[in-house]
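>>> Just to be clear, the model below is a prediction. Sequence and coordinates:
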Amino acid sequence: MTLVATLLVGADHSHSLTRAVSEARAALAAAGGLVGQTRPLGPTATAIRFEGLDAASAYRSLDRLTAALPLDVHVQKADQRPKRLFLADMDSTMITVECIDEIADMVGVKDQVARITEAAMQGELDFEGALVERVALLKGLKAAALDRTYDQRITFTPGARTLVQTLAAQGVHTVLVSGGFTFFTERVAAALGFDDNYANRLEISDGRLTGQVIPPVFGPQSKLATLEAVMADRSIPPEAVLAVGDGANDIPMLTRAGLGVAYHAKAKARAAADAALDHADLTGLLYLLGIPHDQFVS
């Protein structure tokens, strides 16, 4: 069985990739691997093919290297890299902020809301209860504040648009799923090029937020149910699914996808995912699929 170890660094550490590749090849060989082709994928990523080791043994052989260098490594079967479906979390994944925290700043309760958000994303609080509690604190806020939040506070994560556009060019169906709000997912999905988006709906009356979420709450199991529904509708097996997220509420979809990636993630999500990107930007997902830089769509 042929495996591939993909080595990725952040853009600021591209100079360390050559050393990483050399030492990774040596480490895999020393562990008994039959090391084959090295394929540069781009300025921050290289794939190394090998046989004779299982994934767990390969990771163990590379532990010293990942501890010493700002390096992300993922080992997988070479023939399972292509994907047909991509599900992505939005807040702190495709965008750099948590929308609800930024909305809360408009009414002076950001610190209080952000503490609840962090606890929920760490898996320390029930997601639905935490969402209801935070939205209640927004009661009375003018709906126009949502526009200001999007215009003034939302920035896309580095590599986000290239990731979605490139996957679309590869024929991958792309879906944005969020425990946040449709007001933002609709705009982010349109700007980045997602095919579909799903999230919670804020209740608005007389131009102000009521402090309520319109049922049902879209949470962790909703993300998983969306993944399952799209797979069934498009006859896509789990191994052909890529999912990415950063928080505990992403764990159900990350563990169901053939490749679940924790992106600059909380500890529980990182532990549950197949791969973790702590240094690479979002284009690292393309490299994990074996897509080289010269096929990226900007």
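Thanks, I have the structure now. Numbers count the residues shown, from 1 in each chain.

>>> Okay, strands next: where are they in the stretch 51-200 of the chain?
With DSSP state E, counting those that start in this stretch as the criterion, the stretch 51-200 of the chain has strands at 71-77, 85-88, 173-181, 196-205.

>>> which of those strands sits most buried?
Looking across these with neighbours counted as mean count of other Cβ atoms under 10 Å, the highest average goes to strand 85-88: a mean of 27. Placement of C-beta: from N, CA and C, glycine included.

>>> In contact with the nearest residue to His279 once chain neighbours are set aside, which residues?
Distances taken as Cβ to Cβ, 6 or more residues apart in numbering put Gly10 closest to His279, at 4.3 Å, once the chain neighbours are dropped. Gly10 sits next to Thr44, Pro70, His279, Ala280, Asp281 when contact means Cβ atoms under 8 Å, 6 or more residues apart in numbering.

>>> Which two among those residues are spaced furthest apart?
Pairwise distances across these (Cβ to Cβ) peak at 12.8 Å, for the pair Pro70 and Asp281.

>>> quick one, which of these two is more surrounded?
More neighbours surround Asp281 than the other of Pro70 and Asp281, with 19 against 15 (other Cβ atoms under 10 Å).

>>> what are the ranges of the helices in the stretch 51-200 of the chain?
55-68, 99-105, 110-121, 127-136, 144-153, 160-169, 182-192 (DSSP state H, counting those that start in this stretch).

>>> Let's have the ones you listed in TSV, adding distance to Asp250, mean pLDDT and mean neighbour count.
What follows is those, written out as TSV (distance: least, Cβ to Cβ, whole Å; pLDDT from 0 to 100; neighbours: other Cβ atoms under 10 Å):
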stretch	distance to Asp250	mean pLDDT	mean neighbour count
helix 55-68	22	95	15
helix 99-105	16	93	24
helix 110-121	9	88	18
helix 127-136	10	92	19
helix 144-153	22	96	15
helix 160-169	16	98	21
helix 182-192	15	98	20
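
>>> With distance to Asn200 added, can I get those in TSV?
Formatted as TSV, the helices of the stretch 51-200 of the chain follow (distance: least, Cβ to Cβ, whole Å):
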stretch	distance to Asn200
helix 55-68	37
helix 99-105	10
helix 110-121	13
helix 127-136	7
helix 144-153	13
helix 160-169	21
helix 182-192	7
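
>>> starting at the chain centroid, how far to stretch 147-165?
14 Å (Cα atoms, centre = their mean, to the nearest Å).

>>> In contact with Leu176, which residues?
87-88, 90, 94, 185, 188-189, 192, 194, 196-199.

>>> Let me know the helix or strand that Gln212 is in.
strand 208-214 (DSSP states H and E).

>>> Now do that strand: which elements does it pack against?
helix 127-136, strand 196-205 (3 or more Cβ pairs under 8 Å, 6 or more residues apart in numbering; DSSP states H and E).

>>> Dump those into JSON lines; add distance to Ile100 as well.
Shown next, in JSON lines, are the helices and strands packed on strand 208-214 (distance: least, Cβ to Cβ, whole Å):
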{"stretch": "helix 127-136", "distance to Ile100": "6"}
{"stretch": "strand 196-205", "distance to Ile100": "10"}
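
>>> re earlier: tell me how far the residue nearest to His279 lies from Asn200.
32 Å (Cβ to Cβ, to the nearest Å).

>>> now Ala280
Per Cβ to Cβ, Ala280 is found 30 Å from Asn200.

>>> any idea which residue of the protein is furthest from its center?
In the chain, counting by Cα atoms, centre = their mean, Asp206 sits farthest out from the average C-alpha position, at 36.0 Å.

>>> Pick the one among the contacts of Gly10 closest to Cys99.
Nearest member of the contacts of Gly10 to Cys99, counting by Cβ to Cβ, is Asp281, at 20.5 Å.

>>> Sweet, I'm off.
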